[in-house]
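Novice: Please find the sequence and the predicted model below.
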Amino acid sequence: MGKKVVVGMSGGVDSSVAAWLLKEQGYDVIGITMQIWQDEAEEIQQENGGCCGLSAVEDARRVAETIGIPYYVMNFKDVFRRNVIDYFADSYLNGRTPNPCIACNRYVKWEALLRRSLEIGADYIATGHYARIEQLANGRSAIRNSVTANKDQTYALYNLTQEQLAHTLMPVGSYEKSQIRRIAEEAGLPVAHKADSQDICFVPDGDYASFIEKYTGKKVLKGNFVTADGKILGEHKGITHYTVGQRKGLGLAMGQRAFVTAIRPDTNEVVIGDRAAACSTVLKADHLNFMAVEDMKEEQHVWAKIRYNHRGAYCTVKRTGEDELTCIFEEPQHAVTPGQAVVLYQDGYVLGGGTIR
């Protein structure tokens with residue numbers, strides 16, 4: 001019997017094929033679905049679907065039966081609530097725009113799931129992420145871009161540690177999405193044509209503001225839209241409805257395109273400006289994590305992404321504090337958003353990253 005690997009199965013085609021590929025490669029595969037949705041009526045859980053709902057469990061169970069691997073559901077509701085939902089709500093209430101998938105990857109999938117998997121004798125965990133893990137000449141493990149640029153998920157994985165990477169397999173990163181679906185079809189997996197989930201799994205309708213009010217019990221108050229110098233332009237619905245760079249849904253008649261350029265939670269103001277005001281060449285980041293290098297002592301020229309769907313841009317990056325990076329971009333970048341991550345790449349590998357301040 002080969003080495004034991006626990007595959008996090010979301011009920012989608014990518015993680016299902018990951019499990020199938022590893023079984024074919026001779027690993028002793030165990031399928032696990034992480035129960036992370038909070039206590040709710042069964043019909044609501046069913047509706048929420050995604051990687052949280054009951055439909056995900058049933059799909060993953062059917063795939064496991066088809067592949068011929070043991071399958072279990074593990075309860076991670078508490079760790080998910082603390083590290084993902086609480087963080088998500090707190091960030092919006094404080095004028096930041098969080099990335100819950102990054103938090104889930106680091107603290108739920110790769111901290112809680114990996115720890116529990118090692119406890120039951122597994123050598124690795126595996127996921128269906130479009131990314132590759134390779135060992136560099138300096139001895140460190142790093143995440144490398146997947147072969148398919150339009151599905152690449154390295155941005156959301158920059159925060160993993162060396163210990164976590166050493167116990168991780170990502171078999172899907174060497175394939176195009178079309179190849180993954182074809183493998184699933186040829187293997188007879190029942191999710192071969194299942195649509196990809198797009199939304200944040202615990203807010204499937206995309207109404208973040210309503211979710212936050214319901215979850216926290218805090219009424220988000222209306223406030224003023226203002227210019228950078230304080231001129232009142234109108235009334236906003238509450239700061240949780242907005243993010244830096246946003247243009248649609250403002251309800252302002254400005255005579256020109258208007259953008260959110262800043263959110264001020266202390267004064268409950270949303271700052272509005274033109275596109276130029278919503279762009280910046282400089283950002284600072286903290287909560288740093290380095291991957292391809294142990295630390296970054298000297299100024300470097302790197303490729304950086306400031307959000308998941310950002311195409312990336314060149315910048316000069318340097319350490320400006322014990323837990324601070326400063327990135328200076330060659331060209332202004334639209335919507336540098338506090339709370340999102342900046343992820344640095346060099347030669348196709350994740351150098352490291354941090355949280356935009």
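Specialist: Cool, got the structure.
Novice: can you pull out the helices in the stretch 51-200 of the chain?
Specialist: Here the stretch 51-200 of the chain has its helices, by DSSP state H, counting those that start in this stretch, at 54-67, 77-80, 86-93, 100-103, 114-119, 162-166, 177-186.
Novice: Generate CSV for those helices, with distance to residue 27 and mean pLDDT as supplementary columns.
Specialist: C-beta: built from backbone N, CA, C; applies to glycine. Supplementary listing: the helices of the stretch 51-200 of the chain in CSV, determined by distance: least, Cβ to Cβ, whole Å; pLDDT from 0 to 100:
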stretch, distance to residue 27, mean pLDDT
helix 54-67, 11, 90
helix 77-80, 26, 93
helix 86-93, 33, 97
helix 100-103, 26, 94
helix 114-119, 13, 95
helix 162-166, 16, 96
helix 177-186, 16, 95
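Novice: any chance of these in JSON lines, plus distance to residue 318?
Specialist: Formatted as JSON lines, the helices of the stretch 51-200 of the chain follow (distance: least, Cβ to Cβ, whole Å):
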{"stretch": "helix 54-67", "distance to residue 318": "43"}
{"stretch": "helix 77-80", "distance to residue 318": "35"}
{"stretch": "helix 86-93", "distance to residue 318": "26"}
{"stretch": "helix 100-103", "distance to residue 318": "23"}
{"stretch": "helix 114-119", "distance to residue 318": "32"}
{"stretch": "helix 162-166", "distance to residue 318": "23"}
{"stretch": "helix 177-186", "distance to residue 318": "37"}
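Novice: Tell me the gap between the helix or strand where residue 351 lies and the middle of its chain.
Specialist: According to DSSP states H and E, residue 351 maps onto strand 349-356. Offset of strand 349-356 from its chain centre (Cα atoms, centre = their mean, to the nearest Å): 13 Å.
Novice: quick one: it to helix 86-93, angle?
Specialist: 60 degrees (axes from the mean of the first three to the mean of the last three Cα atoms, to 10 degrees).
Novice: quick one: contacts of strand 349-356?
Specialist: If you take Cβ atoms under 8 Å, 6 or more residues apart in numbering as the criterion, strand 349-356 is touched by 134, 136, 142-145, 154, 157-159, 283-293, 296, 300, 302, 306, 325, 336-345.
Novice: Centroid-nearest residue for this protein?
Specialist: In the chain, the C-alpha nearest the mean C-alpha coordinate belongs to residue 101, at 2.8 Å (Cα atoms, centre = their mean).
Novice: Contact partners for that one?
Specialist: By Cβ under 8 Å, 6+ apart, residue 101 lies in contact with 156, 200, 308.
Novice: Other residues contacting stretch 178-197?
Specialist: By Cβ under 8 Å, 6+ apart, the list of residues contacting stretch 178-197 reads 10-14, 16-17, 20-21, 49-51, 59, 62-63, 66-67, 172, 175.
Novice: Which positions within that stretch qualify as buried?
Specialist: 180-181, 183-184, 187, 189-192, 194, 197 (16 or more other Cβ atoms under 10 Å).
Novice: from those residues, which two are the most distant?
Specialist: Across those, the longest distance by Cβ to Cβ is 21.0 Å; it joins 187 and 197.
Novice: count of residues packed around residue 265?
Specialist: A total of 14 residues lie near residue 265 under the criterion other Cβ atoms under 10 Å.
Novice: any chance of the buried residues of stretch 178-197 in CSV, with distance to residue 120 too?
Specialist: Output for the buried residues of stretch 178-197, formatted as CSV (distance: Cβ to Cβ, whole Å):
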residue, distance to residue 120
180, 28
181, 31
183, 28
184, 27
187, 26
189, 25
190, 27
191, 25
192, 29
194, 28
197, 27
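Novice: and residue 204, how far is that from residue 9?
Specialist: 19 Å (Cβ to Cβ, to the nearest Å).
Novice: Report the buried residues of the strand holding residue 351.
Specialist: Under 16+ other Cβ under 10 Å, the buried positions of strand 349-356 are 349-356.
Novice: want to throw the residues you listed into TSV with pLDDT?
Specialist: TSV is the format used below for the buried residues of strand 349-356 (pLDDT from 0 to 100):
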residue	pLDDT
349	96
350	97
351	97
352	97
353	98
354	98
355	97
356	98
